[in-house]
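Asks: Below is the sequence, then the predicted model.
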Amino acid sequence: MKTVINEEEGYAYIIMCIEWMNMVDLSLLTVVPYATVFLIAVSFILTTVNQLISRALISHFIGWDKYRIMRKEMSEYQKANMAAVRAGDTKQIEKLKKRKSQIDAMSAQQMKPNMINMVISLVLFMVIWRVFLLPMFTSAGYSSSGSTFFGGMFGGAPVAFLPGNGLPLFILYSCFSFFFSIIMQRVLGSLPIE
């Protein structure tokens with residue numbers, strides 16, 4: 001039996017979630033040791049969701065077997081092209097130019113899922129930062145100066161400390177996100193074949 005939520009129930013659920021968030025005291029998550037752990041969790045979740053979306057889009061538009069073959073061929077082409085240019089082998093360069101249109105077609109085919117993933121990730125990133133994290137950390141005394149979209153995430157109170165130095169929210173998130181992205185790409189097998 002399929003349960004369908006109508007529009008009124010959906011709005012009621014959203015309002016209930018917002019009211020719950022207002023009742024819960026999230027200020028503990030803005031204190032340095034907890035803020036760091038919280039930011040690790042947020043960056044891990046967002047990175048995992050992003051990588052799962054990427055994998056689903058590639059599976060839908062290309063297929064993983066074909067994607068891996070295309071990545072391998074493109075990598076081999078780039079290596080051969082670099083070797084030919086370094087060696088000055090004009091015959092090999094001309095031979096590789098004949099394959100360039102095929103490589104460009106593969107690259108174009110891979111661009112569609114990557115662009116869709118980029119748009120989805122950007123929207124997800126903006127919603128999480130603007131709606132949830134930025135107000136939470138700004139209300140906890142973090143600087144919200146500046147009229148940019150990111151507010152005071154580049155400055156203000158640090159969310160973690162290095163010896164003699166504090167790290168602001170956005171810098172720390174970027175580091176964690178990059179780290180988890182590499183791990184999730186390896187776990188899901190979506191790193192380019194070397």
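Replies: Great, that's in hand. Numbering: from 1, shown residues only.

Asks: tell me, which helix in the protein spans the most residues?
Replies: If you go by DSSP state H, the chain has its longest helix at helix 90-127.

Asks: What segments of this protein are helices?
Replies: 7-23, 32-61, 64-87, 90-127, 134-139, 169-188.

Asks: any chance of those helices in TSV, plus mean neighbour count and distance to P163?
Replies: No exception for glycine: its C-beta is placed from N, CA and C like everyone else's. Shown next, in TSV, are the helices of the chain (neighbours: other Cβ atoms under 10 Å; distance: least, Cβ to Cβ, whole Å):
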stretch	mean neighbour count	distance to P163
helix 7-23	10	35
helix 32-61	16	14
helix 64-87	14	40
helix 90-127	13	30
helix 134-139	18	23
helix 169-188	16	15
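
Asks: In terms of mean pLDDT, which of the ones you listed ranks lowest?
Replies: Here these differ in mean pLDDT, and the lowest is helix 134-139 at a mean of 60.

Asks: check contacts around L124.
Replies: By Cβ atoms under 8 Å, 6 or more residues apart in numbering, the contact set of L124 is 46, 49-50.

Asks: go with 10 Å
Replies: When contacts are counted by Cβ atoms under 10 Å, 6 or more residues apart in numbering, L124 touches 46, 49-50, 53.

Asks: Dump those into JSON lines; add distance to S107 as well.
Replies: Formatted as JSON lines, the contacts of L124 follow (distance: Cβ to Cβ, whole Å):
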{"residue": "L46", "distance to S107": "27"}
{"residue": "V49", "distance to S107": "26"}
{"residue": "N50", "distance to S107": "21"}
{"residue": "I53", "distance to S107": "20"}
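
Asks: Let me know the closest of these to E9.
Replies: V49 (24.7 Å; Cβ to Cβ).

Asks: What sits closest to the closest one if chain neighbours are left out?
Replies: L124 (6.9 Å; Cβ to Cβ, 6 or more residues apart in numbering).

Asks: so L172 sits right up against N165, yeah?
Replies: No - at 11.7 Å, L172 does not count as touching N165 under the criterion of Cβ atoms under 10 Å.

Asks: Give me the distance between I69 and R55.
Replies: Noted for I69: a distance of 16 Å to R55, by Cβ to Cβ, to the nearest Å.

Asks: Please apply the same query to D104.
Replies: From D104 to R55 the distance is 24 Å (Cβ to Cβ).

Asks: same check, this time on V42
Replies: 21 Å.

Asks: same thing with I120?
Replies: 13 Å.

Asks: swap in I40?
Replies: Between I40 and R55 the computed distance is 22 Å (Cβ to Cβ).

Asks: M115 now?
Replies: 16 Å.

Asks: Likewise for I103?
Replies: Applying Cβ to Cβ to I103 and R55 gives a distance of 23 Å.

Asks: try L167
Replies: Going from L167 to R55 by Cβ to Cβ gives 30 Å.

Asks: now swap in N165 and tell me
Replies: 37 Å.

Asks: The residue located most distally from the centre of the chain: what's it in contact with?
Replies: Here the chain reaches farthest from its C-alpha mean at K91, the gap being 41.4 Å by Cα atoms, centre = their mean. Going by Cβ under 10 Å, 6+ apart, K91 touches A84.
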